[in-house]
Each structure stands twice: as C-alpha cells, then as structure tokens.
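>>> kindly return the folded structure for what I paste below:
(2 chains)
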Amino acid sequence: MAAAPSPPITPISPPKSNTNTSSINPTNPSHLLSLLPKCTSLRELKQIQAITIKSHLQNDIPVLTKLINFCTLKPSAASMDHAHHMFDQIPQSDIVLFNTMARGYARTDTPLRAITLFTQILHSGLLPDGYTFPSLLKACASSKALEEGKQLHCLAIKLGLNHNIYVCPTLINMYTECNDMDSARRVFDKISEPCVVTYNAIITGYARSSRPNVALSLFREMQASNVKPTYVTMLSVLSSCALFGALDLGKWIHEYVKKYGFDQQVKVNTALIDMYAKCGSLDDAVSVFENMVARDTQAWSAMIVAYAIHGHGYKAITLFEEMRRARVRPDEITFLGLLYACSHTGLVEEGCGYFYSMKEKYGIIPGIKHYGCMVDLLGRAGRLDVAFKFIEGLPIKPTPILWRTLLSACSSHGNVDMGMRVIERIFKLDDSHGGDYVIFSNMCARAGRWEHVNYVRKLMNERGAAKVPGCSSVEVNNVVHEFFSGGGTHSESRELHRALDELVKELKLVGYVPDTSLVFHADMEDEEKEATLRYHSEKLAIAYGLLNTPPGTTIRVVKNLRVCGDCHSAAKLISLIFDRQIILRDIQRFHHFTDGKCSCGDYW
DNA sequence: TCCAAGGGTA
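Model prediction:
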C-alpha cells in the first residue's frame, strides 16, 4: 500500500490570549496572580498553572486558591474536574481552599460532592468557618438534602455561626427549598434584627410555598422595622402578588417600585409584567413591557407567556418574531410560552414548527414541559392518536403529568376508549391522584357509561385517592376572600347560598341548563346534583363579587383547579345579564367573560 | 485568597 502523503506542515498560530506571560516574573506569586483576572478560558489557566509548576509554586496555597477560584467562578464539569485534580495534588489544604472547592461544587449539578468533600475535611481536623456553611447549605438546598442540611445547622449552632449574616439567609433558604417552612420560620424568629437579605430569604420562601399572604405581611413588618428593601425584595413581593392574583396590592407595589427607583431594573420590570399578567391585567403588562428601555430574554419571554395565558396566540407569535428581529436569543422558557400560546389558540401547525425549530435552529433540547405542551397542543386539537404515539415515542420516560394532559384532552373530546387506554398508563405510574379518577368518571358519565363510573368510584375509595378540593378567591376592597366547593367556611355563606339560588333562577330564565352530567356521584338524585353544582367554589366567588362590588366593577376570580364546564357557561351568562366583566384565572389560563362570551372561545 | 437573598415554566 502506497504511503499516504504527509500533510503539508502549516504553522499553527498560537491561540489568541489576553494573558501576556512574557513580562512576568514567574517566581513571584503576586505577579503570577495578577495574570488571573485577564484569564478567560480553562486553557489560559493551564498555561499559568504550567508556570507555577516550573517555579515550584504548585503547593503555594494562596496561588492554588486563586487558580481553583478561577475554575469555580463559572464552573463547568471540565473546570471542576481540573480544580479537583489540583486540589488532590496538594499535601495539605486549608479551610479557605476547601471553601473555594465547596463553592464550585455547590454551583454545579453535582452539589452533593461538596458534602462528601466536607466529611473528608472534618476528618482531617480543619475547622469550618463562616464561609464554609453558605456553600454547603446551598448544595443541600439544590439537592433537597434536608437531613444533611439539618446536620449542618446543628454544627453551625455548635460553632456559634448560625447567626452569622451570611449563614442565616442560606439556612432559611435551605429549609424553604426542602419544603420545611416551619424550620425556616424558626430560624428567622430567632434573629433579633434580621437584615434585608434574611427578610428576602424568608419572603421568597413563603412566596414559593404558596403562602403569599404571609410573604406580604412579612414585607409590611420589614418596612415597619425600618429595614430598607432592595430590588430582590421587590421580586419576591411581586411574585407573591402574582401567585395570589392580588391586583390592587400589585399596583400598590408598582407605585412603590417607581417611588424608590427600582423601575430601572430589567428584572423588576419583568416581575411586574408577570404580576400584571397573572393578576388578569394584560393591558398593564403590555404598558410595562413597552416602557422598558432594555429588554433581555426573560423580559420578552414574560410578555410572550402573558399573551399566551390570556389566549392571544397570534400576538405571542408576533412578539416572538419581533424578538428575533431584535436579535435577542430565545431560551427554553421562551419556547414554552410560544408552544403554550399555540396550544391555547389551536395553532397546531405553527406549534409543531416551533417545536422542531427550537432544536434545529436554536440548539435547545426540549424538556419534559415542552413535551407536555406538545401533548396539549395535539390533544386539544383532537389529534388524540397522534398525541398518544408522540408520548410513546419520547426519548425519556413519560411522567404521569404527560398522560394526565392527554386524559384531559380525551375528556374534552369525549373519547372514552382512548381515555381508558390513557388511564391505564397513568395508574401504572401513579394511582393516588384523585383528579384522574374524577376526570375519567365525569367523562364516562357524560357518555352514559355508568358501569365505568361506578367502578372507578369504587376504585378511588379503595385506594384512598384524594381529590384536591376546589378553591376560588375574589378580591373585594383589598381583602382576598376564599371559597371552597360546598362553601360552608366563609362567614357569610348562608346569605351567599340564598343569593346563588336566586341567581340560578335568573340564569335559567335566559336559558341556563345546569350540566349535571359533570357531577361525579352517580347515585345522587338530579336535584341533589344540581345543588352540588350550584355551590362550586367559582360560582360562590363570582356571586360574592357580584353582591359586594358596585355595578360595573370587574370581578376577578382565581381558582386552584381548572374551571368546570358548567361554571364556565354560567359565568358567560352572568357577564351578559349583569353587564359585568368577569376575569377568571384557573390553573391553566385566563378566561375573560364579557357580554355572554369568553375570550377562550370555548377552546380550553 | 473563599460567603447570602433572585424575575419569566405545563
């Protein structure tokens, strides 16, 4: 065989580097270290490291700490591997060096390695200090390692570091991330004068654990004790308002934001867009967005999501195209909003197009939530078979949520046979979710398949699967009133029930027919079913709003589940005969009821 | 030489 011609030798130009090593005295550690701030890649770092070895400085702890610190600033798997390698080489570490390593691990997707490292450190007799705990607690928070977190808490108490101003917020954050709000609160309550960061941590915790009222009262407490809020505080408080659907409160925070100059922050404006959108005021969201001087990916995404949840699919798409023209790079959340918009407007072709382009054009790998959007998009549009095959063909294991999305679609298209295939898949993965039994049973009831209804109900009782109770709230005079289905708990419930009875009579005059097929219990009399339906939480909340606000006022209701079909038709009629706008936010989206019509066009 | 809280998600 003839020898392959040797490749022409072309001089390889050295990689462009910001670090000019020629004028440096390699035996002087401080000279070497002065190179690091200009260093931009792992490759350049390795060049500097080579000089340290030549100069016998590889065991010099301050030099090594700097080198390792560089690797841990924006850590990747490769840079952390390299850092670990350097760390392993030295005979004796000190606590600063360890802290630096731990911080790196806490910031990567292998946070528990920080904890493992920590155990080694304890054995070698090093004493943790105030710098040690924040990284380790952060690692516990992101891995939801509550037990390890508690042990660290005990150790911090032993060392008298639990009240350290850096340790305290991370302790609170660790507990909130591990869903242990009681412990978080206990830590907070022991602080005599919490600083703003500690307040932010606890407020965020309550906002995330769906207790926005507690979050907001802590914000007031913070102001009363003269702790000056920062823009991070604004973010937490705004997300509380968004969660609560408390528009008036949100508007008050907006005024506050303007008064104290927080409205220059892109993140704060993004949180405002989100708050207005989730509190049902799309116009205010648009106005915040349009007044922004600079918009990043998150700001565009928030506005796209805002259009999506209000059912303006085309506007969401137009905005996305505008975002592309502005050369702002979309991320995975931008696509979630976009797909969501398509599915809620029935834009199947467009949605599929964007789904494929996210991978091919933008290199964004779809996650489980994008798949969820696709199932919803196909399912809503009635392409149940395609959706089924889509789930089966996924490269990852489908979650019950994915199948559940398809089950809802089967229900709205009344396809019991497909529904049965789907619920079998769900039960294989999780049979404890009461909502699945309810959707399936309602679907069978509507199709008159009573044998299924009874069977499913029996199954549900046997397995003790609980359904989340329906809960709706309405804001009247700055107070949020909550109503549960059946509605025995609200202080004015008796009058409210009477008012609802009258209301239903009036609705019937204009053609309302209660859809009793939606009621789960098969062995109830029709009258009884009607009563169950009448006191659904969303009807109670709407009636309460109707009775307690002046004519013409918009009624804003927030529901924890999807709105029921009967309440949806009732709300349309109420908007017509009382000439009221009703804005109902359910777990999925917004419904704007005006003049007997809903903004969702009954496509939901 | 190392440290805290964080907006947009079906």
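>>> quick one: name the residues of the stretch 101-250 of chain A near DNA strand B.
Counting by CB under 7 Å from any atom of the strand, the residues of the stretch 101-250 of chain A lying close to DNA strand B are A:103, A:129-132, A:134-135, A:138, A:141, A:164-167, A:169-170, A:173, A:195-197, A:200-201, A:204, A:208, A:230-232, A:235-236, A:238-239, A:242. C-beta here means a position set from N, CA and C on the backbone, and glycine is covered the same way.
>>> just the helices in the stretch 51-200 of chain A please.
Assigned by DSSP state H, counting those that start in this stretch, the helices in the stretch 51-200 of chain A fall at A:61-73, A:77-89, A:95-107, A:112-123, A:132-143, A:146-158, A:167-177, A:181-189, A:196-208.
>>> gap between the first one and the chain center?
Distance of helix A:61-73 from its chain centroid, counting by CA atoms, centre = their mean, to the nearest Å, is 34 Å.
>>> ok, and what's touching that helix?
Applying CB atoms under 8 Å, 6 or more residues apart in numbering, the set of residues contacting helix A:61-73 from outside is A:29, A:32-33, A:36, A:39, A:42, A:45, A:48-49, A:52, A:57-58, A:79-80, A:82-83, A:86-87, A:90, A:93-94, A:96-97, A:100-101, A:103-104, A:107.
>>> buried subset of the residues you listed, written for PyMOL?
With 16 or more other CB atoms under 10 Å as the burial test, the buried ones among those are selected in PyMOL as follows:
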select buried, chain A and resi 29+32+33+36+39+42+45+48+49+52+57+58+79+80+82+83+86+87+93+96+97+100+101+103+104+107
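>>> contact residues of the stretch 301-450 of chain A facing DNA strand B?
Proximity of the stretch 301-450 of chain A to DNA strand B (CB under 7 Å from any atom of the strand) is limited to residues A:301-302, A:305, A:308-309, A:331, A:333-334, A:336-337, A:340, A:343, A:368-369, A:372-373, A:376, A:401, A:405.
>>> what about the residues you listed, which are in helices?
In this view, those that belong to helices under DSSP state H are A:301-302, A:305, A:308-309, A:333-334, A:336-337, A:340, A:343, A:368-369, A:372-373, A:376, A:401, A:405.
>>> which secondary structure element of chain A has the lowest mean pLDDT?
Of all the helices and strands that make up chain A, the one with the lowest confidence by mean pLDDT, DSSP states H and E is helix A:29-35; it has a mean of 73.
>>> close to DNA strand B, is it?
No - Helix A:29-35 lies apart from DNA strand B when judged by CB under 7 Å from any atom of the strand; the minimum separation is 7.9 Å.
>>> now that helix - C-alpha only, CSV.
Output for helix A:29-35, consisting of C-alpha atoms alone and laid out as CSV, is shown next (Å, rounded to 0.1, in the frame of the first residue of the first chain):
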residue,chain,number,x,y,z
PRO,A,29,3.5,34.7,43.4
SER,A,30,1.8,38.1,43.3
HIS,A,31,3.0,38.7,39.7
LEU,A,32,1.6,35.3,38.7
LEU,A,33,-1.7,36.1,40.4
SER,A,34,-2.0,39.4,38.6
LEU,A,35,-2.4,37.4,35.4
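>>> gap between that helix and the chain center?
In terms of CA atoms, centre = their mean, the gap separating the centre of helix A:29-35 from the centre of its chain is 43 Å.
>>> reformat the helices of the stretch 51-200 of chain A as CSV; add mean pLDDT.
Supplementary listing: the helices of the stretch 51-200 of chain A in CSV, determined by pLDDT from 0 to 100:
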stretch, mean pLDDT
helix A:61-73, 87
helix A:77-89, 88
helix A:95-107, 90
helix A:112-123, 86
helix A:132-143, 92
helix A:146-158, 94
helix A:167-177, 95
helix A:181-189, 95
helix A:196-208, 93
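>>> buried ones in stretch A:260-276, by neighbour count?
Going by neighbour count (16+ other CB under 10 Å), the buried part of stretch A:260-276 is A:262-263, A:265, A:267-276.
>>> related to what we said a few turns ago, please indicate which of the residues of the stretch 101-250 of chain A next to DNA strand B are buried?
Buried, going by 16+ other CB under 10 Å: A:103, A:131-132, A:134-135, A:138, A:141, A:164, A:167, A:169-170, A:173, A:197, A:200-201, A:204, A:208, A:231-232, A:235-236, A:238-239, A:242, out of these.
>>> can you list the domains in chain A?
Annotated domains of chain A cover A:193-294, A:472-598 [automatic domain parsing].
>>> now the end-to-end length of the last one.
This points to domain A:472-598. 18 Å (CA to CA, to the nearest Å).
>>> thinking again about what came up before, by contact count, what packs against the least confident helix or strand of chain A?
helix A:42-54, helix A:61-73 (3 or more CB pairs under 8 Å, 6 or more residues apart in numbering; DSSP states H and E).
>>> point me to the residue of the stretch 401-550 of chain A nearest DNA strand B.
Residue nearest to DNA strand B within the stretch 401-550 of chain A (CB to the nearest atom of the strand): A:I401, separated by 5.4 Å.
>>> which residues sit in contact with the closest residue to that residue other than its chain neighbours?
Residue nearest to A:I401 in three dimensions, not counting chain neighbours: A:G372, with 6.4 Å by CB to CB, 6 or more residues apart in numbering. With contacts defined as CB under 8 Å, 6+ apart, the neighbours of A:G372 are A:401-402, A:405.
>>> measure A:G372 to A:H344 for me?
Remark: distance between A:G372 and A:H344 (CB to CB, to the nearest Å) = 13 Å.
>>> and A:K359, by the same measure?
The separation that A:K359 has from A:H344, given CB to CB, amounts to 22 Å.
>>> of the two, who's got more company?
The residue with more neighbours, out of A:K359 and A:H344 and counting by other CB atoms under 10 Å, is A:H344; that gives 28 against 13.
>>> rewinding a little: could you turn the buried ones of the residues of the stretch 301-450 of chain A next to DNA strand B into a ChimeraX selection?
Applied in ChimeraX, the following selects the buried portion of those according to 16+ other CB under 10 Å:
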select /A:301,302,305,308,309,333,334,336,337,340,343,369,372,373,376,401,405
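>>> A:E482 and A:S473 touch, don't they?
Yes - at 4.6 Å, A:E482 and A:S473 qualify as touching, with contact defined as CB atoms under 8 Å.
>>> which of the two has more residues huddled nearby?
It is A:S473, of A:E482 and A:S473, that has more neighbours when counted by other CB under 10 Å, with 21 against 15.
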